[in-house]
Each structure stands twice: as C-alpha cells, then as structure tokens.
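sequence plus predicted model, see below.
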Amino acid sequence: MSTRQIALVVGSTGIVGKNLANHLTRTSDWTVYGLARNPSMEQRILPVAVNLLELDKLKEALAKIDVTHVFFCTWSRQATEQENCDVNGAMLRNLLDALDAAPRLTHVALATGTKNYLGSFDAFGQTSLDTPFREEQPRVPGLNFYYVQEDILFQKAVQRGFSWSVHRPSTMIGHALGNAMNMGVTLSVYATICRETGHPFVFPGSPQQYNGLVDVTDARLLARHIEWAATTPRAANQAFNIVNGDVFRWRWLWPQLVAFFGIESAPYPGYATPLAERMRDAGSVWERIVAKHSLKPYALTELASWWHTDADLGREIECLSDMSKSRELGFLDYQQTLQSFLDLFERLRRENIIP
C-alpha cells in the first residue's frame, strides 16, 4: 500500500485553496488533487471537476482517489444565513459522505474565518466578544454556517476516527482571480481605476478601521499553517487563529499603497465611502483600461469584490486575533503585512492583470 500523502484541496481555484494547493506541490511529500466545479489546469495539481451538491457524481469522482488529507477551502454565498447554513453544510457533509470508503483518510482541515467571532453577514459586527479574539471564546448567538460546518466535521471525525483542524484567518491577502474574498486584488483594481481616471484614491472604510489596530492574513502563510496542523500530531483536533503576526493602522498603510501605484494621496474624509456604490458603473472604465494597456481580458467582476472589501473595511469594531495557541505548539512563521500587499501587486503586474 502506498505511503504517499494524497491531498484533496476542495475549492482549489479560490484564494485559500489555490495558494494551499500550489504550496503542497512544492515538495515531494504530496500528490495534490484540486476539486472545483471548474478546476484550473495548474501544473502538478490533478483536477477534479464536480459540484459538491451532487452527491452521486461526487462519489463517482472520488471513488478511485486514495485520499489521506482533505483541505476544505470553499464556500457558496447565499441570500440569507439560513441558506448559507443549508448549502454550505450540505457541501461539506456530501464531501465527507463521499469519502466514507476512503481507507487512509487521516485528517480533515476546514478553513473558516473571523465571522466565527464577528457573526454571520446577517449580523456582522454585532458581537460582544472582546479582542484579541481567542479560540476558546464561545460562539456568538445566531445562525452561522461556520458553526454548522464545524459540527458536521466533529461528528464525522468521531464516526470515522480521523483528526481535524479548523483555521480562522482574518481578511485574506493573496493571489487569486474570480474570488469573492480578495481585498488585495480589489484594492489594486481600485487604485488602477483612480490613477487612470484621476479620481482620488480614498480609503473607503470606517473611521474605526482607518484609525484602529487591525491585522490580516497572507494566503501563503495560511497555506503553511494548514499543512503544519495537518502533519503535527500535537496540533490535532483543534481550532486555530491564523494572522500575519503584525498589527497596523490603515492610516499608516494607505499612503504606502498610494506610493506603489504612483497616484496622488487623498485625505480621509472621516467617514466610509463604500466601493460598491462608487464603483457601480466602473465596468466600462475597466474595459477601456484593459484595451489601453493590453491587459489580460478579465472583466471587472472577475477581479474586484467590492461588497466584501466594503464589509471588511467598514467594520465599526476592533478586530484582532490572538496567535498564542499556534505559537505555543510550534508554528512560528510570520509575514510582514506591507510586503503581503506589495508582493501581490508586483505579481499582478508581472502577469499583466494591472498596468
């Protein structure tokens, strides 16, 4: 019987899954399968094209894959949190049911986020939890599809005997296109539009976010954290926060983003000016920018997630996560946040996504 580790990265085209799958392929320890409805043809990632809501097809697609580790890195946004619970719960439940016959399944990792502490989109930011957020804090009241997924994972782990880990990143910064939770790419597009049109590059969020302390999570750091937890026995069966390890204020970071794009710094007006409204009609502007600079022909909707960036930057409470638990168990990696943004912007330029 093979002793090679077989990773199934679910959501392999998203910001978490893509960075994780690429990370795992950089060593000889893993054979990596990437599951998505429309998987990309990444080098050394074996595609599995299937819809998680179609159980019979899912069982068929996974029947011949000797999965040892599952990394669940996807979600499907619905109109209400009840629907989020129903659909996202079914996606995870179907996957684990489809792997009931996998004889070597030893670990399942679930990527969630700070909505564990902040509440669902329906009640976002109405939590009374103190900061920094710690893993042992109780669940906040109300529906939350993260909790539904955790309970499904815990129950199946007991039934099957595999270990699990839950990973709770903050706002994600990293390379992915067509992703709903990608502030870095969104801000790069926003800056490009401002530079090309002469509009001011104004911080669009709340005063609390502009002036207060905040942290983010580099997708590359998260990838290393997920692999660490999956392969470190003392980290088994635990939930972990994962953030870069530094803190910053947007009023400090924003001018440095301005400098990268070579645009004029605009003063913060003292209140939120959401991007979803300001960029509502920017699709045609982006098309002209793409044509002018011969960029890769991505539509604006494939690159920018205005609504999600507004949600993160518009929060009116402090959001910081404690990393002590991971540190005590041996995960000591760190990522400087400014470099997270600059690395991403440079890559987008190299790939001809932005000019």
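Perfect, I can see it now. Model, not experiment: these values are computed from the prediction.

tell me which helix or strand comes right after the helix ranked longest in the chain.
With secondary structure taken from DSSP state H, the chain has its longest helix at helix 81-98. As assigned by DSSP states H and E, the chain's next helix or strand after helix 81-98 is strand 107-111.

and the longest helix of the chain, what does it pack against?
With contacts taken as 3 or more C-beta pairs under 8 Å, 6 or more residues apart in numbering; DSSP states H and E, helix 81-98 sits against helix 55-62, strand 69-72, helix 145-160. C-betas here are computed from N, CA, C, even on glycine.

of the ones you listed, which approaches residue 347 most closely?
When those are compared by C-beta to C-beta, strand 69-72 sits nearest residue 347, at 22.5 Å.

for that closest one, which strands pair with it and how are they oriented?
Paired neighbours of strand 69-72 in the sheet (DSSP bridges): strand 5-10 (parallel), strand 107-111 (parallel).

nearest to residue 258, out of those strands?
Residue 258 lies closest to strand 107-111 among these, at 31.4 Å (C-beta to C-beta).

what helices or strands is the following helix or strand past that closest one leaning on?
Using DSSP H and E, the helix or strand that follows strand 107-111 in sequence is helix 115-118. Under the contact criterion of 3+ C-beta pairs under 8 Å, 6+ apart, helix 115-118 touches helix 145-160.

any idea of the mean pLDDT for the very next helix or strand once past the helix it packs on?
Using DSSP H and E, the helix or strand that directly follows helix 145-160 along the chain is strand 163-169. Averaged across strand 163-169, the pLDDT comes to 98.

following strand 163-169, which helix or strand shows up next?
strand 171-173.

who are the packing partners of whichever helix or strand comes after that following strand?
The helix or strand immediately downstream of strand 171-173 is helix 183-197, counting by DSSP H and E. Counting contacts by 3+ C-beta pairs under 8 Å, 6+ apart, helix 183-197 is packed against strand 171-173, helix 250-261, helix 283-293, helix 300-303, helix 306-313, helix 337-350.

pLDDT value on residue 2, please?
pLDDT at residue 2 comes out at 52.

actually residue 126, not the one I typed
pLDDT, read off for residue 126, is 65.

pretty sure residue 122 is in a strand, no?
No - according to DSSP: H, G, I helix; E, B strand; the rest coil, residue 122 belongs to no strand; its state is helix.

quick check: it touching residue 143?
Yes - assessed by C-beta atoms under 8 Å, residue 122 is found in contact with residue 143 at 7.1 Å.

who touches both of those two?
The contact sets of residue 122 and residue 143 overlap at residue 81 (C-beta atoms under 8 Å, 6 or more residues apart in numbering).

who's more crowded, those two?
Shown here are residue 122 and residue 143; by other C-beta atoms under 10 Å, residue 143 has more neighbours (16 against 13).

quick check: phi and psi at that one.
The phi/psi pair for residue 143 (degrees, to the nearest 10) reads phi -70, psi 140.

leaving out the residues flanking it, which one is nearest to it?
residue 81 (4.3 Å; C-beta to C-beta, 6 or more residues apart in numbering).
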